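1. generate a structure from the sequence data that follows.
(chains A and B)
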Amino acid sequence: MIDIFNKYGTILMTAMGQTLLLALYGLFFACIIGLIVGIMSVLKNKFCRGFALVFVNLIRGVPMIVLAYFIFFGIPFLCNSIMKIGGVTLTALQAGTICLALNCGAYMAEIIRAGIQSVDIGQMEAARSLGLPYWRAMQRVILPQAIRTMIPSIINQFIITLKDTSILSVIGFPELVNTAKNVVAATFLSFQTWGIVAVMYLIVILLLQWAAKVLERRLKYESR
Amino acid sequence: MNPDNVKIKVENLKKDFGHLKVLQGVSTGIYEGEVVVVIGPSGSGKSTFLRCLNQLEEVTEGRIIIDGQDITDPKTDINKLRERVGMVFQHFNLFNNMNVLRNLMLAPVDLKQCGKEEAKARALTMLERVGLQDKINAFPHQLSGGQKQRVAIARSLCMKSDIILFDEPTSALDPEMVGEVLDVMKELAREGMTMVVVTHEMGFAREVANRVLFMSDGSILEEGTPEEVFGNPQNPRTRDFLNKVL
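-> Numbers count the residues shown, from 1 in each chain, chains lettered A, B, ... in the order given. Prediction:
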(Lines give C-alpha, C1' and ligand atoms only; values in the text may rest on other atoms or scores of the structure.)
Protein backbone atom coordinates (compact mmCIF):
# COMPACT_ATOMS: atom_id res chain seq x y z
CA MET A 1 0.00 0.00 0.00
CA ILE A 2 2.82 2.35 0.92
CA ASP A 3 4.44 1.52 -2.40
CA ILE A 4 1.37 2.45 -4.36
CA PHE A 5 1.04 5.66 -2.43
CA ASN A 6 4.70 6.55 -2.97
CA LYS A 7 4.40 5.96 -6.68
CA TYR A 8 0.90 7.26 -7.42
CA GLY A 9 0.37 9.53 -4.42
CA THR A 10 0.87 12.75 -6.36
CA ILE A 11 -1.51 11.64 -9.09
CA LEU A 12 -4.16 10.62 -6.57
CA MET A 13 -3.75 13.86 -4.62
CA THR A 14 -4.14 15.86 -7.82
CA ALA A 15 -7.25 13.84 -8.60
CA MET A 16 -8.58 14.59 -5.12
CA GLY A 17 -7.94 18.24 -5.91
CA GLN A 18 -10.09 17.86 -9.03
CA THR A 19 -12.80 16.15 -7.00
CA LEU A 20 -12.83 19.02 -4.52
CA LEU A 21 -12.81 21.60 -7.31
CA LEU A 22 -15.79 19.95 -8.98
CA ALA A 23 -17.62 19.63 -5.66
CA LEU A 24 -16.93 23.27 -4.85
CA TYR A 25 -18.24 24.54 -8.19
CA GLY A 26 -21.22 22.23 -7.97
CA LEU A 27 -22.08 23.23 -4.41
CA PHE A 28 -21.67 26.92 -5.13
CA PHE A 29 -24.25 26.85 -7.91
CA ALA A 30 -26.38 24.33 -6.00
CA CYS A 31 -26.67 26.82 -3.13
CA ILE A 32 -27.86 29.52 -5.50
CA ILE A 33 -30.34 27.21 -7.22
CA GLY A 34 -31.48 25.79 -3.89
CA LEU A 35 -32.08 29.22 -2.38
CA ILE A 36 -34.00 30.51 -5.40
CA VAL A 37 -36.12 27.38 -5.89
CA GLY A 38 -36.57 26.89 -2.14
CA ILE A 39 -37.94 30.41 -1.73
CA MET A 40 -40.07 30.04 -4.85
CA SER A 41 -41.76 27.05 -3.26
CA VAL A 42 -42.98 29.09 -0.27
CA LEU A 43 -44.28 32.06 -2.28
CA LYS A 44 -47.95 32.76 -2.80
CA ASN A 45 -47.52 32.97 -6.55
CA LYS A 46 -48.84 29.78 -8.16
CA PHE A 47 -46.43 29.91 -11.09
CA CYS A 48 -43.40 30.07 -8.79
CA ARG A 49 -44.66 27.22 -6.63
CA GLY A 50 -45.49 25.14 -9.69
CA PHE A 51 -42.07 25.71 -11.21
CA ALA A 52 -40.32 24.72 -7.98
CA LEU A 53 -42.45 21.59 -7.65
CA VAL A 54 -41.77 20.46 -11.21
CA PHE A 55 -38.05 21.20 -10.95
CA VAL A 56 -37.56 19.30 -7.70
CA ASN A 57 -39.61 16.30 -8.78
CA LEU A 58 -37.97 16.14 -12.18
CA ILE A 59 -34.44 16.16 -10.80
CA ARG A 60 -35.23 13.83 -7.92
CA GLY A 61 -36.92 11.44 -10.30
CA VAL A 62 -33.89 10.97 -12.56
CA PRO A 63 -30.76 9.07 -11.45
CA MET A 64 -27.74 11.33 -11.43
CA ILE A 65 -25.80 9.07 -13.78
CA VAL A 66 -28.56 9.51 -16.38
CA LEU A 67 -28.52 13.25 -15.80
CA ALA A 68 -24.74 13.25 -16.31
CA TYR A 69 -24.95 11.33 -19.62
CA PHE A 70 -27.86 13.50 -20.72
CA ILE A 71 -26.02 16.76 -20.10
CA PHE A 72 -22.60 15.67 -21.34
CA PHE A 73 -23.69 13.75 -24.45
CA GLY A 74 -27.34 14.57 -24.94
CA ILE A 75 -27.27 18.38 -24.86
CA PRO A 76 -24.41 18.84 -27.37
CA PHE A 77 -26.06 16.25 -29.63
CA LEU A 78 -29.35 18.13 -29.41
CA CYS A 79 -27.68 21.42 -30.34
CA ASN A 80 -25.36 20.12 -33.05
CA SER A 81 -27.27 17.35 -34.77
CA ILE A 82 -30.91 18.08 -34.11
CA MET A 83 -31.09 21.86 -33.86
CA LYS A 84 -28.10 22.37 -36.18
CA ILE A 85 -26.58 25.13 -34.08
CA GLY A 86 -23.15 23.55 -34.33
CA GLY A 87 -19.96 23.92 -32.34
CA VAL A 88 -21.60 23.30 -28.96
CA THR A 89 -19.35 21.30 -26.71
CA LEU A 90 -19.23 20.92 -22.97
CA THR A 91 -16.08 20.03 -21.09
CA ALA A 92 -16.41 17.30 -18.49
CA LEU A 93 -15.94 19.93 -15.79
CA GLN A 94 -18.74 22.11 -17.17
CA ALA A 95 -21.13 19.22 -17.61
CA GLY A 96 -20.16 17.84 -14.20
CA THR A 97 -20.76 21.19 -12.53
CA ILE A 98 -24.18 21.61 -14.16
CA CYS A 99 -25.11 18.07 -13.22
CA LEU A 100 -24.07 18.44 -9.56
CA ALA A 101 -25.62 21.89 -9.29
CA LEU A 102 -28.98 20.70 -10.60
CA ASN A 103 -29.01 17.53 -8.55
CA CYS A 104 -27.80 19.00 -5.28
CA GLY A 105 -29.81 22.19 -5.96
CA ALA A 106 -33.06 20.24 -5.99
CA TYR A 107 -32.33 18.64 -2.63
CA MET A 108 -31.13 21.96 -1.20
CA ALA A 109 -34.37 23.57 -2.34
CA GLU A 110 -36.30 21.03 -0.28
CA ILE A 111 -34.09 21.62 2.74
CA ILE A 112 -34.52 25.38 2.45
CA ARG A 113 -38.27 25.12 1.95
CA ALA A 114 -38.61 22.94 5.03
CA GLY A 115 -36.34 25.28 6.99
CA ILE A 116 -38.40 28.34 6.12
CA GLN A 117 -41.65 26.55 6.89
CA SER A 118 -40.30 25.44 10.26
CA VAL A 119 -40.20 29.08 11.40
CA ASP A 120 -43.43 29.97 13.20
CA ILE A 121 -45.81 31.90 10.94
CA GLY A 122 -46.20 34.45 13.74
CA GLN A 123 -42.66 35.68 13.12
CA MET A 124 -43.58 36.75 9.60
CA GLU A 125 -46.88 38.25 10.77
CA ALA A 126 -45.15 40.27 13.48
CA ALA A 127 -42.58 41.58 11.03
CA ARG A 128 -45.25 42.46 8.47
CA SER A 129 -47.45 44.10 11.09
CA LEU A 130 -44.59 46.48 11.88
CA GLY A 131 -44.57 47.56 8.24
CA LEU A 132 -41.62 45.55 6.98
CA PRO A 133 -42.02 44.48 3.35
CA TYR A 134 -42.15 40.70 2.67
CA TRP A 135 -38.57 40.43 1.43
CA ARG A 136 -37.12 42.47 4.27
CA ALA A 137 -38.96 40.30 6.77
CA MET A 138 -37.65 37.22 5.02
CA GLN A 139 -34.11 38.55 5.11
CA ARG A 140 -33.99 39.97 8.62
CA VAL A 141 -36.29 37.63 10.54
CA ILE A 142 -37.21 34.39 8.76
CA LEU A 143 -34.02 33.27 7.00
CA PRO A 144 -31.68 33.84 9.96
CA GLN A 145 -33.90 31.55 12.04
CA ALA A 146 -34.41 29.05 9.25
CA ILE A 147 -30.66 28.74 8.64
CA ARG A 148 -30.15 27.40 12.13
CA THR A 149 -32.45 24.44 11.63
CA MET A 150 -31.16 23.89 8.10
CA ILE A 151 -27.44 23.66 8.89
CA PRO A 152 -27.27 19.94 9.77
CA SER A 153 -29.26 18.94 6.68
CA ILE A 154 -27.21 21.21 4.45
CA ILE A 155 -23.94 19.71 5.70
CA ASN A 156 -25.36 16.27 5.12
CA GLN A 157 -26.25 17.25 1.57
CA PHE A 158 -22.75 18.70 1.03
CA ILE A 159 -21.25 15.36 2.02
CA ILE A 160 -23.57 13.43 -0.29
CA THR A 161 -22.71 15.77 -3.15
CA LEU A 162 -18.99 15.45 -2.48
CA LYS A 163 -19.33 11.69 -2.75
CA ASP A 164 -21.57 11.99 -5.80
CA THR A 165 -18.71 13.55 -7.75
CA SER A 166 -17.48 9.98 -8.15
CA ILE A 167 -20.45 9.32 -10.44
CA LEU A 168 -19.03 11.88 -12.83
CA SER A 169 -16.14 9.52 -13.57
CA VAL A 170 -18.51 8.14 -16.23
CA ILE A 171 -18.22 11.27 -18.34
CA GLY A 172 -14.44 11.18 -18.11
CA PHE A 173 -13.78 13.87 -15.57
CA PRO A 174 -10.35 13.13 -14.02
CA GLU A 175 -11.57 13.01 -10.42
CA LEU A 176 -10.44 10.51 -7.81
CA VAL A 177 -12.40 7.42 -8.87
CA ASN A 178 -11.59 7.84 -12.54
CA THR A 179 -7.89 8.27 -11.75
CA ALA A 180 -7.90 5.32 -9.37
CA LYS A 181 -9.35 3.15 -12.15
CA ASN A 182 -6.37 4.07 -14.28
CA VAL A 183 -3.97 3.26 -11.45
CA VAL A 184 -5.60 -0.15 -10.99
CA ALA A 185 -5.42 -0.77 -14.74
CA ALA A 186 -1.69 -0.06 -14.65
CA THR A 187 -0.83 -1.95 -11.46
CA PHE A 188 -3.59 -4.57 -10.98
CA LEU A 189 -3.38 -3.78 -7.25
CA SER A 190 -7.09 -3.15 -6.66
CA PHE A 191 -7.19 -3.84 -2.92
CA GLN A 192 -4.42 -1.37 -2.13
CA THR A 193 -5.56 1.32 -4.56
CA TRP A 194 -9.25 1.32 -3.60
CA GLY A 195 -8.23 1.13 0.05
CA ILE A 196 -6.19 4.31 -0.33
CA VAL A 197 -9.01 6.03 -2.23
CA ALA A 198 -11.52 5.10 0.47
CA VAL A 199 -9.29 6.52 3.19
CA MET A 200 -8.77 9.72 1.21
CA TYR A 201 -12.53 10.29 0.88
CA LEU A 202 -12.98 9.46 4.54
CA ILE A 203 -10.39 11.99 5.70
CA VAL A 204 -11.86 14.81 3.61
CA ILE A 205 -15.40 14.08 4.79
CA LEU A 206 -14.40 13.82 8.43
CA LEU A 207 -12.69 17.21 8.14
CA LEU A 208 -15.85 18.64 6.58
CA GLN A 209 -17.97 17.23 9.39
CA TRP A 210 -15.69 18.68 12.01
CA ALA A 211 -15.82 22.12 10.38
CA ALA A 212 -19.59 21.83 10.25
CA LYS A 213 -19.82 21.03 13.96
CA VAL A 214 -17.74 24.10 14.82
CA LEU A 215 -19.93 26.29 12.61
CA GLU A 216 -23.12 24.85 14.05
CA ARG A 217 -22.02 25.45 17.60
CA ARG A 218 -21.01 29.02 16.86
CA LEU A 219 -24.32 29.82 15.16
CA LYS A 220 -26.16 28.42 18.14
CA TYR A 221 -24.32 30.63 20.59
CA GLU A 222 -24.74 33.73 18.50
CA SER A 223 -28.45 33.54 18.00
CA ARG A 224 -29.88 31.79 21.01
CA MET B 1 -61.62 59.97 23.46
CA ASN B 2 -62.30 62.43 20.70
CA PRO B 3 -65.81 61.83 19.30
CA ASP B 4 -65.28 64.28 16.46
CA ASN B 5 -62.66 62.17 14.80
CA VAL B 6 -63.51 58.71 13.51
CA LYS B 7 -60.15 56.97 13.35
CA ILE B 8 -61.26 53.65 11.89
CA LYS B 9 -64.44 53.24 9.90
CA VAL B 10 -65.52 49.73 8.99
CA GLU B 11 -68.24 49.36 6.38
CA ASN B 12 -69.98 46.05 5.75
CA LEU B 13 -66.81 44.01 6.19
CA LYS B 14 -66.99 40.46 4.90
CA LYS B 15 -64.34 37.79 4.96
CA ASP B 16 -64.54 34.25 3.60
CA PHE B 17 -62.05 31.45 3.96
CA GLY B 18 -63.13 29.29 1.05
CA HIS B 19 -66.71 28.33 1.83
CA LEU B 20 -66.46 29.42 5.42
CA LYS B 21 -68.00 32.85 5.96
CA VAL B 22 -66.09 34.15 8.96
CA LEU B 23 -67.23 37.77 8.85
CA GLN B 24 -70.69 38.46 7.51
CA GLY B 25 -70.97 42.21 7.24
CA VAL B 26 -69.40 44.03 10.14
CA SER B 27 -69.84 47.80 10.39
CA THR B 28 -68.61 50.07 13.11
CA GLY B 29 -66.58 53.20 13.76
CA ILE B 30 -63.77 53.64 16.22
CA TYR B 31 -62.95 57.11 17.49
CA GLU B 32 -59.56 58.58 18.11
CA GLY B 33 -58.40 57.63 21.60
CA GLU B 34 -61.21 55.16 22.08
CA VAL B 35 -60.67 51.78 23.70
CA VAL B 36 -62.89 49.20 22.07
CA VAL B 37 -62.99 45.72 23.52
CA VAL B 38 -64.27 42.90 21.36
CA ILE B 39 -65.71 39.90 23.17
CA GLY B 40 -67.50 36.79 22.01
CA PRO B 41 -67.28 33.01 21.86
CA SER B 42 -64.35 31.42 20.09
CA GLY B 43 -64.82 31.07 16.35
CA SER B 44 -66.99 34.16 16.24
CA GLY B 45 -64.57 36.08 14.01
CA LYS B 46 -63.09 38.44 16.61
CA SER B 47 -59.49 37.76 15.68
CA THR B 48 -60.23 37.79 11.97
CA PHE B 49 -61.94 41.15 12.38
CA LEU B 50 -58.87 42.49 14.15
CA ARG B 51 -56.48 41.07 11.58
CA CYS B 52 -58.45 42.71 8.79
CA LEU B 53 -57.81 46.10 10.38
CA ASN B 54 -54.13 45.92 9.45
CA GLN B 55 -54.69 43.74 6.42
CA LEU B 56 -53.00 40.65 7.79
CA GLU B 57 -56.14 39.16 6.27
CA GLU B 58 -57.30 40.44 2.91
CA VAL B 59 -60.95 41.35 3.10
CA THR B 60 -63.43 39.69 0.77
CA GLU B 61 -65.88 42.56 0.64
CA GLY B 62 -66.49 45.90 2.30
CA ARG B 63 -64.26 48.80 3.21
CA ILE B 64 -62.02 49.80 6.08
CA ILE B 65 -61.12 53.47 6.24
CA ILE B 66 -58.35 54.59 8.56
CA ASP B 67 -57.80 58.34 8.83
CA GLY B 68 -59.74 58.86 5.63
CA GLN B 69 -57.69 56.34 3.69
CA ASP B 70 -59.38 53.24 2.26
CA ILE B 71 -56.95 50.48 3.22
CA THR B 72 -58.77 47.84 1.21
CA ASP B 73 -57.92 49.76 -1.95
CA PRO B 74 -55.11 47.82 -3.67
CA LYS B 75 -53.33 51.11 -4.38
CA THR B 76 -52.88 51.88 -0.67
CA ASP B 77 -49.32 51.40 0.55
CA ILE B 78 -50.12 48.82 3.17
CA ASN B 79 -46.62 48.81 4.68
CA LYS B 80 -46.83 52.54 5.30
CA LEU B 81 -50.18 52.05 7.01
CA ARG B 82 -48.89 49.25 9.21
CA GLU B 83 -46.21 51.55 10.56
CA ARG B 84 -49.04 53.45 12.25
CA VAL B 85 -51.20 50.51 13.23
CA GLY B 86 -49.36 48.33 15.71
CA MET B 87 -50.35 44.81 16.63
CA VAL B 88 -49.79 42.71 19.73
CA PHE B 89 -50.25 38.97 19.34
CA GLN B 90 -51.43 36.20 21.60
CA HIS B 91 -48.11 34.39 21.25
CA PHE B 92 -45.98 37.56 21.47
CA ASN B 93 -44.03 36.81 18.29
CA LEU B 94 -40.85 38.50 19.37
CA PHE B 95 -38.09 37.89 16.85
CA ASN B 96 -36.26 34.93 18.34
CA ASN B 97 -33.02 35.66 16.53
CA MET B 98 -32.57 39.08 18.14
CA ASN B 99 -32.20 40.45 21.61
CA VAL B 100 -34.79 42.81 23.07
CA LEU B 101 -33.05 45.98 21.91
CA ARG B 102 -32.74 44.77 18.32
CA ASN B 103 -36.35 43.60 18.38
CA LEU B 104 -37.33 47.17 19.17
CA MET B 105 -34.91 48.86 16.81
CA LEU B 106 -35.36 46.67 13.73
CA ALA B 107 -38.41 48.22 12.13
CA PRO B 108 -37.78 51.93 12.90
CA VAL B 109 -34.23 51.70 11.53
CA ASP B 110 -35.01 49.39 8.62
CA LEU B 111 -37.92 51.53 7.47
CA LYS B 112 -35.81 54.66 7.88
CA GLN B 113 -38.19 56.23 10.37
CA CYS B 114 -35.13 57.42 12.24
CA GLY B 115 -31.42 56.86 12.70
CA LYS B 116 -29.87 54.25 14.96
CA GLU B 117 -29.23 56.63 17.85
CA GLU B 118 -32.78 57.88 17.89
CA ALA B 119 -34.15 54.35 17.56
CA LYS B 120 -32.10 53.25 20.53
CA ALA B 121 -33.27 56.22 22.58
CA ARG B 122 -36.88 55.41 21.66
CA ALA B 123 -36.36 51.76 22.54
CA LEU B 124 -35.00 52.65 25.97
CA THR B 125 -37.87 55.05 26.64
CA MET B 126 -40.47 52.47 25.67
CA LEU B 127 -38.80 49.73 27.67
CA GLU B 128 -38.85 52.00 30.67
CA ARG B 129 -42.56 52.55 30.14
CA VAL B 130 -43.18 48.82 30.31
CA GLY B 131 -40.72 48.46 33.18
CA LEU B 132 -38.12 46.33 31.42
CA GLN B 133 -35.17 48.65 30.85
CA ASP B 134 -32.86 46.11 32.48
CA LYS B 135 -33.68 43.50 29.82
CA ILE B 136 -32.30 45.21 26.73
CA ASN B 137 -29.72 42.50 26.09
CA ALA B 138 -31.92 39.52 26.90
CA PHE B 139 -33.09 37.15 24.19
CA PRO B 140 -36.80 36.28 24.00
CA HIS B 141 -36.26 32.75 25.34
CA GLN B 142 -34.81 34.23 28.52
CA LEU B 143 -37.98 36.19 29.31
CA SER B 144 -41.19 35.11 31.01
CA GLY B 145 -44.45 35.26 29.07
CA GLY B 146 -45.50 38.50 30.72
CA GLN B 147 -42.14 40.10 30.01
CA LYS B 148 -42.29 38.97 26.38
CA GLN B 149 -45.70 40.54 25.95
CA ARG B 150 -44.55 43.81 27.51
CA VAL B 151 -41.58 43.86 25.13
CA ALA B 152 -43.98 43.19 22.25
CA ILE B 153 -46.06 46.19 23.33
CA ALA B 154 -42.91 48.32 23.56
CA ARG B 155 -41.99 47.17 20.06
CA SER B 156 -45.30 48.52 18.72
CA LEU B 157 -44.81 51.76 20.60
CA CYS B 158 -41.38 52.22 19.02
CA MET B 159 -43.10 52.65 15.66
CA LYS B 160 -44.98 55.63 17.11
CA SER B 161 -48.19 53.94 16.07
CA ASP B 162 -51.36 55.81 16.95
CA ILE B 163 -53.52 52.69 16.89
CA ILE B 164 -52.68 49.38 18.54
CA LEU B 165 -54.58 46.17 17.94
CA PHE B 166 -54.41 43.54 20.69
CA ASP B 167 -55.20 39.97 19.71
CA GLU B 168 -55.90 38.10 22.97
CA PRO B 169 -52.77 39.53 24.55
CA THR B 170 -53.13 37.68 27.85
CA SER B 171 -54.58 34.36 26.71
CA ALA B 172 -51.23 32.57 26.54
CA LEU B 173 -50.00 33.87 29.88
CA ASP B 174 -49.77 32.19 33.24
CA PRO B 175 -52.42 33.73 35.53
CA GLU B 176 -49.91 35.56 37.71
CA MET B 177 -48.53 37.42 34.69
CA VAL B 178 -51.82 38.67 33.29
CA GLY B 179 -51.87 41.63 35.65
CA GLU B 180 -48.56 43.14 34.58
CA VAL B 181 -49.61 43.15 30.91
CA LEU B 182 -53.05 44.57 31.64
CA ASP B 183 -51.43 47.32 33.72
CA VAL B 184 -49.33 48.39 30.74
CA MET B 185 -52.44 48.38 28.56
CA LYS B 186 -54.41 50.45 31.06
CA GLU B 187 -51.59 52.97 31.16
CA LEU B 188 -51.70 53.22 27.36
CA ALA B 189 -55.45 53.70 27.41
CA ARG B 190 -55.09 56.51 29.94
CA GLU B 191 -52.57 58.21 27.67
CA GLY B 192 -55.11 58.32 24.86
CA MET B 193 -53.98 55.52 22.58
CA THR B 194 -56.63 54.23 20.19
CA MET B 195 -56.94 50.57 21.05
CA VAL B 196 -58.93 47.65 19.73
CA VAL B 197 -58.64 44.72 22.11
CA VAL B 198 -59.86 41.18 21.59
CA THR B 199 -59.84 39.58 25.00
CA HIS B 200 -61.52 37.28 27.47
CA GLU B 201 -60.56 39.53 30.38
CA MET B 202 -64.00 40.84 31.30
CA GLY B 203 -62.59 42.76 34.23
CA PHE B 204 -60.34 44.71 31.91
CA ALA B 205 -63.23 45.35 29.52
CA ARG B 206 -65.36 46.70 32.35
CA GLU B 207 -62.69 48.93 33.75
CA VAL B 208 -60.98 50.30 30.65
CA ALA B 209 -63.26 49.98 27.63
CA ASN B 210 -65.17 52.95 26.28
CA ARG B 211 -67.21 50.55 24.25
CA VAL B 212 -67.72 46.79 24.16
CA LEU B 213 -68.58 44.89 20.98
CA PHE B 214 -70.12 41.47 21.31
CA MET B 215 -69.47 39.32 18.25
CA SER B 216 -70.97 35.99 17.36
CA ASP B 217 -71.06 34.05 14.09
CA GLY B 218 -69.26 36.76 12.19
CA SER B 219 -71.39 39.75 13.11
CA ILE B 220 -71.62 42.31 15.85
CA LEU B 221 -74.72 41.37 17.81
CA GLU B 222 -74.53 44.02 20.46
CA GLU B 223 -72.46 47.05 21.29
CA GLY B 224 -72.45 49.69 23.96
CA THR B 225 -70.68 50.94 27.04
CA PRO B 226 -69.48 48.28 29.46
CA GLU B 227 -72.34 49.22 31.79
CA GLU B 228 -74.88 48.61 29.04
CA VAL B 229 -73.42 45.38 27.72
CA PHE B 230 -72.49 43.80 31.03
CA GLY B 231 -75.24 45.35 33.14
CA ASN B 232 -78.18 45.01 30.85
CA PRO B 233 -77.47 42.91 27.76
CA GLN B 234 -80.28 43.11 25.20
CA ASN B 235 -79.46 40.19 22.94
CA PRO B 236 -80.14 36.68 24.32
CA ARG B 237 -76.86 35.43 22.82
CA THR B 238 -74.95 38.10 24.71
CA ARG B 239 -76.72 37.17 27.92
CA ASP B 240 -75.97 33.51 27.32
CA PHE B 241 -72.29 34.22 26.67
CA LEU B 242 -71.90 36.50 29.68
CA ASN B 243 -73.58 33.97 31.92
CA LYS B 244 -70.94 31.44 30.94
CA VAL B 245 -67.89 33.63 31.38
CA LEU B 246 -68.75 35.83 34.32
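
2. residues from chain B in reach of chain A?
-> Counting by CB under 8 Å from any CB of the partner chain, the residues of chain B close to chain A are B:54, B:56, B:79-83, B:85-87, B:89, B:91, B:93-97, B:106-107, B:110-111, B:139, B:141, B:152, B:155-156, B:159. Where C-beta positions appear, they are placed from N, C-alpha and C, glycine not excepted.

3. show me what from chain A comes close to chain B.
-> Taking CB under 8 Å from any CB as the measure of proximity, chain A contacts chain B at A:120, A:122-123, A:125-133, A:136, A:140-141, A:144-145, A:148, A:223-224.

4. now, of the residues you listed, which are buried?
-> A:123, A:125-132, A:136, A:140-141, A:144-145, A:148 (16 or more other CB atoms under 10 Å in any protein chain shown).

5. report the two of those residues separated the most.
-> Across those, the longest distance by CB to CB is 25.5 Å; it joins A:Gly131 and A:Arg148.

6. go through chain B and flag its longest strand.
-> strand B:2-17 (DSSP state E).

7. what mean pLDDT does the helix or strand following it have?
-> As assigned by DSSP states H and E, the chain's next helix or strand after strand B:2-17 is strand B:20-32. Here strand B:20-32 scores 93 as its mean pLDDT.

8. same question for stretch B:199-214.
-> 93.

9. what do you get for stretch A:166-184?
-> Averaging pLDDT along stretch A:166-184 gives 93.

10. now stretch A:22-37
-> Per-residue scores along stretch A:22-37 average to 96.

11. ok, A:Phe191 to A:Val197 distance?
-> As defined by CB to CB, to the nearest Å, A:Phe191 lies at a distance of 11 Å from A:Val197.

12. more neighbours: those two, which one.
-> A:Val197 (21 against 10; other CB atoms under 10 Å in any protein chain shown).

13. who's in contact with the more buried one?
-> Contacts of A:Val197 were listed using CB atoms under 8 Å, 6 or more residues apart in numbering or on different chains, and they are A:12, A:176-177, A:180.

14. what kind of secondary structure is B:Val38 in?
-> When classified by DSSP: H, G, I helix; E, B strand; the rest coil, B:Val38 comes out as strand.

15. number of nearby residues for A:Ile160?
-> Counted with other CB under 10 Å, the neighbours of A:Ile160 add up to 12.

16. ok, it - contacts?
-> A:Ile160 is in contact with A:104, A:107, counting by CB under 8 Å, 6+ apart.

17. distance of it relative to A:Thr19?
-> For A:Ile160, the distance to A:Thr19 - CB to CB - is 14 Å.

18. tell me which residue of chain B is positioned farthest from its centroid.
-> Residue distances from the centre of chain B (CA atoms, centre = their mean) peak at B:Glu117, which lies 28.0 Å from the mean C-alpha position.

19. give me the pLDDT for it.
-> 93.

20. repeat for A:Glu222
-> pLDDT recorded at A:Glu222 is 58.

21. same thing with B:Arg155?
-> On pLDDT, B:Arg155 comes in at 95.

22. which non-adjacent residue is nearest it?
-> Closest residue to B:Arg155 apart from its sequence neighbours, by CB to CB, 6 or more residues apart in numbering or on different chains: B:Leu104 at 5.2 Å.

23. so which of the buried ones among the residues of chain A next to chain B are in helices?
-> A:123, A:125-129, A:136, A:144-145, A:148 (DSSP state H).

24. show me the shaky parts of chain A.
-> Residue ranges of chain A with pLDDT under 70: A:221-224.

25. next, the most centrally placed residue in chain B: phi, psi?
-> In chain B, the residue lying closest to the centroid (CA atoms, centre = their mean) is B:Leu165, at 1.6 Å. When read as degrees, to the nearest 10, the backbone of B:Leu165 gives phi -100, psi 130.

26. tell me the contacts of it?
-> By CB under 8 Å, 6+ apart, the contact list for B:Leu165 reads B:50, B:53-54, B:85-88, B:195-197.

27. B:Leu20 too?
-> Taking CB under 8 Å, 6+ apart, we find B:Leu20 in contact with no residue.

28. distance of B:Glu58 relative to B:Thr48?
-> Per CB to CB, B:Glu58 is found 11 Å from B:Thr48.

29. likewise A:Thr193?
-> 68 Å.

30. more crowded one of those two?
-> Between A:Thr193 and B:Thr48, counting by other CB under 10 Å, A:Thr193 is the more crowded of the two (24 against 21).

31. for the more buried one, what is the enclosing helix or strand?
-> Applying DSSP H and E as the criterion places A:Thr193 in helix A:190-223.
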